[in-house]
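Generate coordinates for the sequence data below:
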Amino acid sequence: MEQEEFNVVNSKKALRAKENRDLTKGNLFKKLIIYVVPLFLANALSLLFTTMDLFTVARFGGGNISSGAIGACSSLINLVLAFFWGLTNGASVIVGNAKGAKDYDKCTRAIGTSVLLTIFLGVIIMILGAIFAKPLLQLLQTPDQFLDKSTLYLTIYFIGTPFNLLFNIGASVLRALGDSKRPLVAVTVAGVINVGLNFLLVIPFKMDVMGVAIATVASQAISMFIVFLFLMKDKKLASNFHFKYLRYNKEEAKDIIRIGLASGLQSLIFNITNVLIQVSVNGLSDAAVVGKAAGSNVEGYEYALLNAISNGCTVATSQNYGAKDKKRVKHSLRNSIIFELIAVTAFDGIILALANPILRIFIAPGEATSQEATQYAIQMLMIMGLPYALCGIAECFTGYLRGMKYSLVPTLVSLICIVGVRLIYIYAMFPLEQFHSFSGLMWTYPVSWTLCCLVYIPISIVLSKRKFKEIDKQKQELSPAL
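All right, here's what the predicted structure looks like:
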């Protein structure tokens, strides 16, 4: 009798989990919350890798020089990997559309193809990144006092790139199928191991930057292994991964690359401007470099929240677009924006209220640059604070359009509104004495977000109408003749 009750409880849990993964039915706002919260926590825990790197070396390693060296690598890492992370968006949209249309064979083909492409690209980045780590840092005018440690950290990080990319593609597939909880499990386990290895390799073994880099790569490998274990073993998913499905399927590869290429280009050009801003910061002072590294790490957690909501918008839109449900497609965008506004307001309030104690995690106290670096970081967080809601709205529009297979439009909007605005400031205004300041650089962010939103609104209205007409036409073709 007890065994029967146990089986009934388990079957109810399995049914509830399956229903939560299907964003084509039920309360969409509630399901977005269920989907986004674990995804945000997973993104935040991934950022914890870098946070613990900075904290460990700042307090127990080489101090602000070591933390600054790691921080100087972040924009370059994002630049190099951004293009290839775009492939995960391509795979996510194709898998989400196939799930919404209940075409599970297509799901399986898309998963196998995306994993094969990721392995190939991961090996290329690993080789080229390790070879050109130092020349790339020199190209970014990394200060000499940071260069050697930055090179060491970056080289080891690139060696672990295949693990990083494979985890991201595996987690992206699980999320496209509506499961954002198990990637969180993988990241949590890997994060605990990362923290333990950081302290072990830096404190007793005195490995400083090398130690935290090794810990990061090891944790990425573990998270990758766990995610693929879920994909291979869970029979409740709409589709599973197996090595026999690891093959190149031309049709799915074409769709993944088409959507992923545009998404990757968008991320690439977005991060190019971040790299140029980092170059400008490198030319100001050592305190500015350390302050920017600390502020960027705090801001990274807020972006992780916006990215999770945007990803939720993409999955909800793609599933409902695949199911040809116009009303729920519209609600995917509306609910995502409402969710984003509430979340950003709460997050900003907490960060600004606790800025000083939070920044002590990243900036070692008592050093010559500590007080000035903290002031720079607070300045950055205040300028980017409340306007960050505009960044979130732009991210929601991006996810919405991608979910309807408009892959090129967000790229063009980013090229014009993000890259254009920031390049004009960096090369035309920043060299002028009255604009040559840290705060001036930071103001380029909210200005570009505002322009993005203003451009996205009319574009989304026009493109939505076009897609909805296609849905109506497809429904009429599928309806039996009267």
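
Which positions in stretch 454-466 come out as buried?
455, 456, 459, 460, 464 (16 or more other CB atoms under 10 Å). All C-beta atoms are positioned from the backbone trio N, CA, C, and that covers glycine.

For the last one, give me its contacts.
Contacts of residue 464 were listed using CB atoms under 8 Å, 6 or more residues apart in numbering, and they are 329, 330, 404.

secondary structure element for it?
Per DSSP states H and E: residue 464 is located in helix 444-478.

picking up where we left off before, which of the buried residues of stretch 454-466 sit farthest apart?
Greatest spatial distance among the buried residues of stretch 454-466 (CB to CB): 455 and 464, at 15.0 Å.

Any figure for the gap between residue 287 and residue 354?
Separation of residue 287 from residue 354 (CB to CB, to the nearest Å) stands at 22 Å.

which of those two has more neighbours?
Legend: neighbour count by other CB atoms under 10 Å for residue 287 and residue 354, higher for residue 287 (23 against 11).

hang on, that one packs against residue 372?
Yes. Residue 287 is within contact range of residue 372, at 3.9 Å (criterion: CB atoms under 8 Å).

For the residue nearest to the spatial centre of the chain, which non-adjacent residue is spatially closest?
The centre of the chain sits closest to residue 307, judged by CA atoms, centre = their mean, with a distance of 5.8 Å. Nearest non-adjacent residue to residue 307, counting by CB to CB, 6 or more residues apart in numbering: residue 43, 6.1 Å away.

returning to that earlier point: which element, helix or strand, includes the residue nearest to the centre of the chain?
Element membership for residue 307 (DSSP H and E) is helix 286-322.

got the angle between that helix and helix 444-478?
10 degrees (axes from the mean of the first three to the mean of the last three CA atoms, to 10 degrees).

Could you point out the helix or strand that follows helix 286-322?
Downstream of helix 286-322, the next assigned helix or strand under DSSP H and E is helix 326-353.

Skip the chain neighbours and tell me the closest residue to residue 329.
Excluding the flanking residues, the one nearest residue 329 by CB to CB, 6+ apart is residue 320, at 4.8 Å.

I'd say the residue nearest to the centre of the chain and residue 395 touch.
Yes. Shown here, residue 307 and residue 395 form a contact pair, counting by CB under 8 Å, at 6.7 Å.

quick revisit: kindly calculate the angle that the helix holding residue 464 makes with helix 326-353.
Interaxial angle of helix 444-478 relative to helix 326-353 (the same axes, to 10 degrees): 160 degrees.

shift numbering so it begins at 637
Noted, 637 is the first residue going forward, which turns the last one into helix 1080-1114.

and helix 1080-1114, average pLDDT?
Helix 1080-1114 carries an average pLDDT of 88.

Return the backbone torsion pair for residue 779.
phi -50, psi 150 (degrees, to the nearest 10).

Count residues in the vicinity of residue 922, would you?
By the criterion of other CB under 10 Å, residue 922 has 18 neighbours.

so which helix or strand takes in residue 842?
Assigned by DSSP H and E, residue 842 belongs to no helix or strand.

so how far is residue 741 from it?
Separation of residue 842 from residue 741 (CB to CB): 54 Å.

same deal with residue 960?
For residue 960, the distance to residue 741 - CB to CB - is 19 Å.

higher neighbour count, the two?
residue 960 (18 against 9).

Ramachandran angles for the more buried one?
According to degrees, to the nearest 10, residue 960 has phi 60, psi 40.

Read off the pLDDT value for the spatially closest residue to residue 945 that is not a sequence neighbour.
Counting by CB to CB, 6+ apart, residue 976 is the residue found nearest to residue 945 once chain neighbours are left out, at 4.8 Å. For residue 976, the pLDDT comes out at 92.

wait, isn't residue 987 in contact with residue 1017?
Yes. Between residue 987 and residue 1017 a contact is recorded at 6.2 Å, counting by CB under 8 Å.

More neighbours: which of those two?
The neighbour count for residue 987 versus residue 1017, taken as other CB under 10 Å, is higher for residue 1017 (23 against 19).

mind checking how far that one is from residue 818?
Separation of residue 1017 from residue 818 (CB to CB): 33 Å.

try residue 777
Distance check for residue 777 against residue 818: by CB to CB, it reads 42 Å.

Check residue 826 too.
For residue 826, the distance to residue 818 equals 13 Å [CB to CB].

which of those two has more neighbours?
The neighbour count for residue 826 versus residue 818, taken as other CB under 10 Å, is higher for residue 826 (27 against 21).

Sticking with the more buried one, tell me its helix or strand.
Using DSSP H and E, residue 826 falls in helix 817-838.

Pull out the buried positions in that helix.
Going by neighbour count (16+ other CB under 10 Å), the buried part of helix 817-838 is 817-820, 822-827, 829-831, 833-835, 837-838.

quick one on the thing from earlier: the residue nearest to residue 943: neighbouring residues, count only.
Neighbourhood size, residue 679 [other CB under 10 Å]: 23.
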